[in-house]
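Q: the following block contains a protein sequence and its predicted model.
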Amino acid sequence: MLIRIFASTALYFMFCAAAFSARAADEVPPLPHQEWSFDGVFGTYDRASAQRGFQVYKEVCSACHPVKHLYFRDLADLGYSDDEVKAIAASYQVTNEQPNDQGEMYQRPGRPSDPIPGPFPNDQAARVANNGALPPDLSTIVKARDGGPDYVYGLLTGYKEPPPGFNMLQGMQYDVYFPGHQIAMPPPLSDGAVTFADGTPATVPQMAHDVVTFLTWAAEPNLEPRHRTGFKVFLFLVVVAGLFYAAKRKIWAAAH
Amino acid sequence: MADTSPGAGSRIIRWIDYRLPFVAMLQHELYEYPTPRNLSYWWNFGSLSGIMLVVMIVTGIFLAMQYTPHADLAFDSVERIMRDVDYGWLLRYAHMNGASMFFALVYIHLFRGLYYGSYKQPRELLWILGVIILILMIMTAFMGYVLPWGQMSYWAATVITNLFSAIPLVGQGIVTFLWGGFTVGNPTLNRFYALHYLLPFVIVAVVMLHLIALHRFGSNNPLGIDMKGPQDTLPFHPYFTIKDLFGLAVFLLVYSFFVFYAPNFLASSDNYIPANPMQTPNHIVPEWYLLPYYAILRSVPNKLLGVILAFGSIFLLFVVPWLDTSPVRSARFRPIYKWVFWLLVVDVIALGWVGANPPEGLVVTVGQIATLYYFVHFVILFPLLGKLERPRPLPLSIATAVLQGGGGAQLGRAGAPIARP
């Protein structure tokens, strides 16, 4: 409640900034809002969902998209044990940072301290493999798009037949939520594209929800400590503000 | 009073103070300092701005220890701060939202000055120093925004530096000089980093001058009349220290809301995409606190004139003390100005809205009307109102007005001129 009051005050206060989100949307419908585990003051990441999301990323998205800012060690945050993290890392071949004693770069199994390698050695190679389009890095994608998780979810589930008379370019797909509606990425998800170990049915909305949970964590891995610290700071400040107010009343009592 | 400060009796302090009267100065300026007893909470925003400046410098210095000012590494180093540096996310979000908070505080402080005529004789220099601080803040904020080297950083740097190309003959040369190359690039990032680190300390110096000028005549007050004696004042401590502290706690709640629960609300999502010189974002918009100037810039079809008006909208503030010819400071006693003031507030918010939206249709019209009004307000209405308006009678003194429940208002002479020293 208190937070809501501050939110609305602050919103009013900054109301001209609100127009920011009014990025000219050429008749893009409003994004459907999903219930996210990380929403709200006490929001945390649903670990099971994020792990399933990592599986979707690994088996589907990572064919084209890197997560440049993630390291294998970061996965421990998602509830994987140290051994599981080591096993995941070892299942990748990574190029060692330094050459060997012959001066040659070489491949070795990944270690937790390695960044998760992307599918392409460089952006040019990625473009060549994707009809000239560059698949963006996904480790900040949720923060890098207006609408955040709802937008990414909308995009993944928004593939439709183009409306009659809509002029599609060669090799492009129609997506309801993509700005301009023409997206180079073919529909990435299809029912049953992955098999979840926990038996969750792999429907497109389910996979989209899970992978967005994973990607939100990837973009904002410190959300949970941020929420926890924020709550403590709020409690502290409310008490302190009350004390200062009482002291102020007392000090000023004689001055009026 | 002299013996009430903590440690005033200490021999060491007295030994030092005899040679370097620093404690005596603090005693005089932060303790006894006579302050009008009727200051409202609108007078909290000056000290809050000062505290915010310190917060920005402290978080900034710690960020600088982790940041890499290189076009190829800057974006990744900011992400590294967010992910791997202990409490790096807190430092960065506090700094990033702190800039917004700093501007919000300073803008409220500025509008408070406009409402209560705080810029009038004898506080003209105090006001001018404040405008200088605002200009330095804008420069610092702009260069700081470039440092994460995201898409909006890069393109904001390109658009703003390109403004100088509007200058006839030498414009393009100046732009190349600012860039340190033929496009925004690594040399630009490096010099912006150096200046972003330097300017806050220049701001500190100007803030000191601002405080010296403030303490010469003391604060203005909601009645806009001079302090005439001890009955009109209260010592700064404890009356205003506690009031400022309470205000600080409330402000920190608002600030914390943004830092912990909406850290990217005021930011542009495009800035989480690494800078790409080959791809222009759909809409290049500055941070909210620069939107009104941006709106003025875009409202004029001629580039040079647009640049002149956008810069002019700030530089105009320097001459406000002489544009306003009314002898009465506080809008409380100015029946017409009271309303005109709020018209300016609406006008500036309208300019902010215009600046945030693509310049099409209604936005352009509103932008042009709002730009016109902004200048009409200061250049025409200010001098005119001083002549046309009949101010309401001023109270005889702060004490009579405050201690008798405002009943002193009838005692004063209509529009009594402020006594010249």
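A: Thanks, I have it. Predicted model, so just to flag it, every value in this text is computed and none were measured. Residues are numbered from 1 along each chain as shown, chains lettered A, B, ... in the order given.
Q: all helices of the stretch 51-200 of chain A, in order?
A: Along the stretch 51-200 of chain A, the segments classed as helices by DSSP state H, counting those that start in this stretch run A:82-90, A:123-129, A:148-157.
Q: for B:Gly386, find the nearest of those.
A: helix A:148-157 (51.0 Å; CB to CB). (Glycine included, C-beta is placed from N, CA and C.)
Q: and the spatially closest residue to B:Asn221 that is not a sequence neighbour, bridged to which residues?
A: For B:Asn221, ignoring the flanking residues on the chain, the nearest one in space by CB to CB, 6 or more residues apart in numbering or on different chains is B:Pro36 at 3.7 Å. Legend: beta-bridge partners of B:Pro36 under DSSP bridges are B:Thr233.
Q: got the contact list for B:Pro36?
A: Taking CB atoms under 8 Å, 6 or more residues apart in numbering or on different chains as the criterion, B:Pro36 is in contact with B:Gly218, B:Ser219, B:Asn220, B:Asn221, B:Met227, B:Asp232, B:Thr233, B:Ile398.
Q: tell me the spacing between it and B:Ile398.
A: 6 Å (CB to CB, to the nearest Å).
Q: residues shared between the contacts of the two?
A: B:Asn221, B:Met227, B:Asp232, B:Thr233.
Q: please enumerate the helices of the stretch 51-200 of chain B.
A: So, for the stretch 51-200 of chain B - with DSSP H, counting those that start in this stretch - the helices run B:74-83, B:88-115, B:124-146, B:151-162, B:171-179, B:186-217.
Q: so which elements touch the fourth one?
A: Read it as helix B:151-162. Applying 3 or more CB pairs under 8 Å, 6 or more residues apart in numbering or on different chains; DSSP states H and E, we find helix B:151-162 packed against helix B:124-146, helix B:171-179, helix B:186-217.
Q: mean neighbour count, the ones you listed: which tops it?
A: With neighbours taken as mean count of other CB atoms under 10 Å in any protein chain shown, those reach their highest mean count in helix B:124-146, at a mean of 20.
Q: what packs against it?
A: helix B:88-115, helix B:151-162, helix B:186-217, helix B:303-315, helix B:320-323.
Q: roughly how far out does it sit from the chain middle?
A: Computed by CA atoms, centre = their mean, to the nearest Å, the chain-centroid distance of helix B:124-146 equals 7 Å.
Q: dump that helix to PDB, restricted to CA.
A: Below are the C-alpha coordinates for helix B:124-146, written out as PDB (Å, rounded to 0.1, in the frame of the first residue of the first chain):
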ATOM      1  CA  GLU B 124      20.600  38.200  -8.100                       C
ATOM      2  CA  LEU B 125      24.100  36.600  -7.900                       C
ATOM      3  CA  LEU B 126      22.800  33.800  -5.800                       C
ATOM      4  CA  TRP B 127      20.300  33.100  -8.600                       C
ATOM      5  CA  ILE B 128      22.900  33.400 -11.400                       C
ATOM      6  CA  LEU B 129      25.200  31.000  -9.600                       C
ATOM      7  CA  GLY B 130      22.300  28.600  -9.500                       C
ATOM      8  CA  VAL B 131      21.700  28.900 -13.200                       C
ATOM      9  CA  ILE B 132      25.500  28.200 -13.800                       C
ATOM     10  CA  ILE B 133      25.100  25.000 -11.600                       C
ATOM     11  CA  LEU B 134      22.100  23.900 -13.800                       C
ATOM     12  CA  ILE B 135      24.100  24.400 -17.000                       C
ATOM     13  CA  LEU B 136      27.000  22.400 -15.500                       C
ATOM     14  CA  MET B 137      24.600  19.700 -14.400                       C
ATOM     15  CA  ILE B 138      23.200  19.400 -17.900                       C
ATOM     16  CA  MET B 139      26.700  19.100 -19.400                       C
ATOM     17  CA  THR B 140      27.700  16.500 -16.800                       C
ATOM     18  CA  ALA B 141      24.500  14.500 -17.200                       C
ATOM     19  CA  PHE B 142      24.800  14.400 -21.000                       C
ATOM     20  CA  MET B 143      28.400  13.200 -20.900                       C
ATOM     21  CA  GLY B 144      27.600  10.700 -18.200                       C
ATOM     22  CA  TYR B 145      24.700   9.300 -20.300                       C
ATOM     23  CA  VAL B 146      27.200   8.600 -23.100                       C
END
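Q: quick one, that helix and helix B:186-217 angle?
A: Helix B:124-146 and helix B:186-217 meet at an angle of 160 degrees, taking axes from the mean of the first three to the mean of the last three CA atoms, to 10 degrees as the criterion.
Q: ok, A:Asn122 - how many residues close by?
A: Counted with other CB atoms under 10 Å in any protein chain shown, residues neighbouring A:Asn122 total 8.
Q: same question, B:Phe341
A: Neighbour tally, B:Phe341, other CB under 10 Å: 16.
Q: same question for A:Leu215.
A: Other residues close to A:Leu215 by other CB under 10 Å number 28.
Q: my read: it touches A:Phe54, true?
A: No - the pair A:Leu215 / A:Phe54 is not scored as a contact, 9.6 Å apart, by CB atoms under 8 Å.
Q: can you find the helix or strand of chain A with the lowest average pLDDT?
A: Among the helices and strands of chain A, helix A:15-18 carries the lowest confidence by mean pLDDT, DSSP states H and E, at a mean of 40.
Q: what about A:Ala253, how many neighbours?
A: Neighbours of A:Ala253 (other CB under 10 Å): 8.
Q: quick check: it vs B:Phe103, distance?
A: From A:Ala253 over to B:Phe103 (counting by CB to CB), the distance is 36 Å.
Q: swap in B:Thr140?
A: Distance from B:Thr140 to B:Phe103, by CB to CB: 11 Å.
Q: B:Pro274 now?
A: For B:Pro274 relative to B:Phe103 (CB to CB), the value is 26 Å.
Q: and what of A:Asn167?
A: 44 Å.
Q: which one's more surrounded, those two?
A: Ranked by neighbour count (other CB under 10 Å), A:Asn167 and B:Phe103 place B:Phe103 first, with 20 against 6.
Q: please name the nearest non-neighbouring residue to that one.
A: Closest to B:Phe103 by CB to CB, 6+ apart is B:Tyr289, at 3.7 Å.
Q: check the one you found and give its pLDDT.
A: What the model reports for B:Tyr289 is a pLDDT of 97.
Q: same thing with the one 4 residues further on?
A: Residue-level confidence at B:Tyr293 comes out at 97, pLDDT.
Q: same deal with A:Glu59?
A: 97.
Q: count the neighbours of the residue nearest to it when sequence neighbours are not counted for me.
A: Counting by CB to CB, 6+ apart, A:Glu59 lies nearest to A:Val194, which is 5.0 Å off, once chain neighbours are set aside. Counted by other CB under 10 Å, the residues lying close to A:Val194 total 19.
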